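K.L.:
need a 3D model of the following:
(2 chains)
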Protein chains: 2
Amino acid sequence: MRAEIISIGTEIMLGEITDTNAAFIASELPQYGIDLLYVTQTGDNPRRMHEIFDRAWERSDITFLTGGLGPTEDDITRETVAAVLGEEPVVDAEQEQILRAMMERGGRKMPDRNLKQATLIPSSRPIPNARGTAPGWWVQRDAPDGDTKRFMVVMPGPPAEMTRMWEHHVAPELEALAESVLVSRTLKTVGLGESIVDEMLSPLLSGNNPSVGIYHRADGVHARISAKAATRAEAERLIEPVEAEARKILGPTIWGQDDETLASAAGRMLGERGLTLALMEAATGGAIANAITDFEGASQYLKGSLVAYTADAQITLGVPAEVLTMHGELSEETAKAMATAAREKLGADIGIGVTGNITNQEIEEQAPGTMHIALDDGNSIEYQYSRYYQGREAAKRRAVLQALSLLRAHLMGPHQG
Amino acid sequence: MRAEIISIGTEIMLGEITDTNAAFIASELPQYGIDLLYVTQTGDNPRRMHEIFDRAWERSDITFLTGGLGPTEDDITRETVAAVLGEEPVVDAEQEQILRAMMERGGRKMPDRNLKQATLIPSSRPIPNARGTAPGWWVQRDAPDGDTKRFMVVMPGPPAEMTRMWEHHVAPELEALAESVLVSRTLKTVGLGESIVDEMLSPLLSGNNPSVGIYHRADGVHARISAKAATRAEAERLIEPVEAEARKILGPTIWGQDDETLASAAGRMLGERGLTLALMEAATGGAIANAITDFEGASQYLKGSLVAYTADAQITLGVPAEVLTMHGELSEETAKAMATAAREKLGADIGIGVTGNITNQEIEEQAPGTMHIALDDGNSIEYQYSRYYQGREAAKRRAVLQALSLLRAHLMGPHQG
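P.N.:
Below you'll find the model as predicted:
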């Protein structure tokens, strides 16, 4: 099936918001065997919307539309879809009742202008919206050839409403529609270059279904195994032996799979090994702890992070004053002392210390982006030095990745460096 | 001028990357008086690219194109622009020399396939790329009417390369081209509802140039004053008296302007008042410190943050064990004790403590999203309770905003509560 996505919103056209809906939908489509050919964004303009919807209805088997379902006069996505299809939107009694009940639960009387959110056209059926007043529309008609169907899936613009509607109502429909599904398994590795992984997996690369692709990413080299089949279960059966073989070849260089990130994988490994972590962060300013605590269960393995933004605070929290005096705030010795102090202060198994220069000027004769990262597990201390600068926030982000990489490598044992 | 943006990239169509370039360009255009009518994304497909470029060249005065300028066979943006315009790309000797020199500085010999990055067409001149090998193209031709010009601005896809090229080379051209510029000044307020701000500013709302718009945002109500004029200086002169009047009316409810965020404004206020801040974060897991340290100069006012993710860690860092025993981790009393402990431990003027439930289940009989936030300035303690849950990360983000709002309100004095 050929698909396109259309996002409606004047705020997108003014650059006030980024259209994350299109990226979300795009990432969902491959698994249903749907090819995305076009993404279009435009403002709340009747003529342009009509032109774009009309072209989409002409050229694409399925069109995903987000935005413009609000109650105000500017919100004309429903009206425009109806006009393109030559149908009349009519208030649906059941939808009206749902809408009134929802508003009353929120203690409001429904304003008249909201009534248009309860309309349908003959070709549409409503898609429930658990997080807002605008139901979506699932529009379905015979294609001009008479053999196939043509679809428009109309969803609200707020990402929380759209993604929820997608997961509960749209995804199951697409699964049922799909002639074939594409299932992928991504294995994430560390310590090997892209060409080495390519060489190691060469016996698997010639296959067509499943196919195997090698990708270089910020957190290491990924191997993606993808299989197409009539059902999810069948695709999974195709992937299974190839995945087993790839796991045998790549062995302990694999640190995670699919959606796992460095932070979630490091957390999982800490949990599996029954180890706890404490941090002392200067340059990263709490960003490492913030990344780790984005995952449920972090309180099982993270004791805490001492974000020490001044030398005084570092001393208070256990860094020996003489280390700072002798070596300066930005030094290997200070990073190591920070790791040890965090570990001891919070009584954790592993301590990590991060100090560096995230400003755009030299500090203590060290260039912007210079980073000192140390890890203390009570027996020995590991240390890593790096330099990367494309602005303050990028320097922080990069240091977070590096500290988590050091932790991951440590947890995977000495043989994976 | 009517504009459109086209982003090329198969990775965008697979949902592997979000197209941030389009949002960046969209946000830049209004100041040059350019109306953005369409944004389109598509993959590296010759036929579709040709169709989309051709339509853009037909209907838009200026088209901004990003992506597809790499050295590989898939990268066909230059070739497609040339085909749409009926011109032949030819290797430019000067561009070739620049490219070879750049590669040699990097210690590489230029592969033959990179030669296409040195091509131009008669209607294009190169736009220097300080961060990559692909120069952009500034394409300019007479429009069919003979009176006006038509433009295509072709830029590389990697955001770091694109934004740098934009700031140094594209923005100045647009400024020179602009018949009029639009300059905006946004005043950000706290403590007033949207309708109140609307009423207060009603004497200013009837004006057309400058126009005044009122917007409800997550961090308060914003008033945006926008003026159009032939030059930036002239637009600024138009804004000046209206801004002065708005500032007089809104008075101390204004906490920031333009790009200022709650974190940067709170930091600025701390700096202006010579005050220092210390945090103890449980629920936010370092996210508040992370937000504050995104801004240059944070080390002037942030002592640090004690991210205490277990009761033990909180006790170690100064929260009295009996408070935790008597009231539990999620309580007003604990938040207050955390604020005091942070302040005392790190020797800061102001301490903030945040504890709450970011899981999707009840903890200590408190619903998901329940948040306790306290601020201690050494004389008195303020406290705020809230509840908001749309997932773990959203709960953290919301708590960060609320803690910063409490800090901002405190710094602005009791009269703005």
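K.L.:
before we move on, what SS does the residue in the stretch 51-200 of chain A positioned nearest to chain B have?
P.N.:
Taking Cβ to the nearest Cβ as the measure, the stretch 51-200 of chain A has residue A:160 as its residue closest to chain B, at 5.5 Å. C-beta: built from backbone N, CA, C; applies to glycine. At residue A:160 the chain is in helix, as set by DSSP: H, G, I helix; E, B strand; the rest coil.
K.L.:
how about the strands in the stretch 51-200 of chain A?
P.N.:
For the stretch 51-200 of chain A, the strands defined by DSSP state E, counting those that start in this stretch occupy A:62-66, A:90-91, A:119-120, A:124-127, A:136-142, A:149-155, A:181-189.
K.L.:
buried residues in the fourth one?
P.N.:
Read that as strand A:124-127. By neighbour count on 16 or more other Cβ atoms under 10 Å in any protein chain shown, the buried set for strand A:124-127 is A:124, A:126, A:127.
K.L.:
per-residue confidence at the first one?
P.N.:
pLDDT, residue A:124: 97.
K.L.:
the closest residue to it other than its chain neighbours: neighbour count?
P.N.:
Sequence neighbours aside, residue A:137 is the residue nearest to residue A:124 in space, at 4.1 Å (criterion: Cβ to Cβ, 6 or more residues apart in numbering or on different chains). Close neighbours of residue A:137, defined as other Cβ atoms under 10 Å in any protein chain shown, add up to 25.
K.L.:
centre-most residue in chain A?
P.N.:
Nearest residue to the geometric centre of chain A (Cα atoms, centre = their mean): residue A:259, 8.0 Å.
K.L.:
any figure for the gap between residue A:8 and chain B?
P.N.:
11 Å (Cβ to the nearest Cβ, to the nearest Å).
K.L.:
does that residue touch residue A:46 like I think?
P.N.:
No - the criterion here is Cβ atoms under 8 Å, and residue A:8 misses it with residue A:46 at 11.1 Å.
K.L.:
which one of those two has more residues nearby?
P.N.:
Using other Cβ under 10 Å as the criterion, residue A:8 and residue A:46 rank with residue A:8 on top: 29 against 11.
K.L.:
skipping its backbone neighbours, what lies nearest the more buried one in space?
P.N.:
The nearest residue in space to residue A:8 (Cβ to Cβ, 6+ apart) is residue A:67, at 3.6 Å.
K.L.:
list the residues that contact that neighbour.
P.N.:
By Cβ atoms under 8 Å, 6 or more residues apart in numbering or on different chains, the contact set of residue A:67 is A:7, A:8, A:9, A:12, A:21, A:77, A:156, A:157.
K.L.:
ok, residue A:149 next?
P.N.:
Per Cβ under 8 Å, 6+ apart, neighbours of residue A:149: A:61, A:140, A:141, A:142, A:143.
K.L.:
which of those residues count as buried?
P.N.:
Neighbour-count burial (16+ other Cβ under 10 Å) is assigned, among these, to A:61, A:140.
K.L.:
quick one on the thing from earlier: deepest of the strands of the stretch 51-200 of chain A, which one?
P.N.:
Mean neighbour count (mean count of other Cβ atoms under 10 Å in any protein chain shown) peaks for strand A:62-66 among these, with a mean of 27.
K.L.:
other SSEs contacting that one?
P.N.:
Packing partners of strand A:62-66 (3 or more Cβ pairs under 8 Å, 6 or more residues apart in numbering or on different chains; DSSP states H and E): strand A:2-8, helix A:20-28, helix A:46-59, strand A:149-155.
K.L.:
and the angle from the longest one to strand A:62-66?
P.N.:
For helix A:46-59 against strand A:62-66, the angle by axes from the mean of the first three to the mean of the last three Cα atoms, to 10 degrees is 150 degrees.
K.L.:
show me what counts as buried in helix A:46-59.
P.N.:
Buried, per 16+ other Cβ under 10 Å, within helix A:46-59: A:48, A:49, A:50, A:51, A:52, A:53, A:55, A:56, A:57.
K.L.:
pLDDT score for the residue nearest to the third one when sequence neighbours are not counted?
P.N.:
Using Cβ to Cβ, 6+ apart and skipping the chain neighbours, the partner closest in space to residue A:50 is residue A:80 (5.5 Å). At residue A:80, the model reports a pLDDT of 98.
K.L.:
could you do residue A:298 as well?
P.N.:
The model reports residue A:298 with a pLDDT of 96.
K.L.:
leaving out the residues flanking it, which one is nearest to it?
P.N.:
Nearest non-adjacent residue to residue A:298 (Cβ to Cβ, 6+ apart): residue A:292, at 5.4 Å.
K.L.:
tell me, how many neighbours does that neighbour end up with?
P.N.:
Other residues near residue A:292 come to 27 when the count uses other Cβ under 10 Å.
K.L.:
tell me which residues are up against the helix or strand hosting residue A:386.
P.N.:
Using DSSP states H and E, residue A:386 sits in strand A:381-387. Outside of strand A:381-387, the residues within contact range by Cβ under 8 Å, 6+ apart are A:332, A:335-336, A:339-340, A:367, A:369-375, A:398-399, A:402, A:406, A:410.
K.L.:
now do the strands in the stretch 201-350 of chain A.
P.N.:
A:211-217, A:220-229, A:254-257, A:277-281, A:302-308, A:350-356.
K.L.:
strands paired with the shortest one, and their directions?
P.N.:
Based on DSSP bridges, the pairing partners of strand A:254-257 within the sheet are strand A:181-189 (antiparallel).
K.L.:
restricting to C-alpha, output the partner strand in CSV.
P.N.:
Extracted C-alpha coordinates of strand A:181-189, given in CSV (Å, rounded to 0.1, in the frame of the first residue of the first chain):
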residue,chain,number,x,y,z
VAL,A,181,3.8,-7.4,7.9
LEU,A,182,7.4,-6.5,8.4
VAL,A,183,9.0,-7.4,11.7
SER,A,184,12.5,-6.2,12.7
ARG,A,185,14.9,-7.2,15.4
THR,A,186,17.8,-4.8,16.0
LEU,A,187,20.9,-6.1,17.8
LYS,A,188,23.0,-3.3,19.3
THR,A,189,26.8,-3.9,19.6
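K.L.:
skip the chain neighbours and tell me the closest residue to residue A:171.
P.N.:
According to Cβ to Cβ, 6+ apart, the nearest residue to residue A:171 is residue A:28 (7.0 Å).
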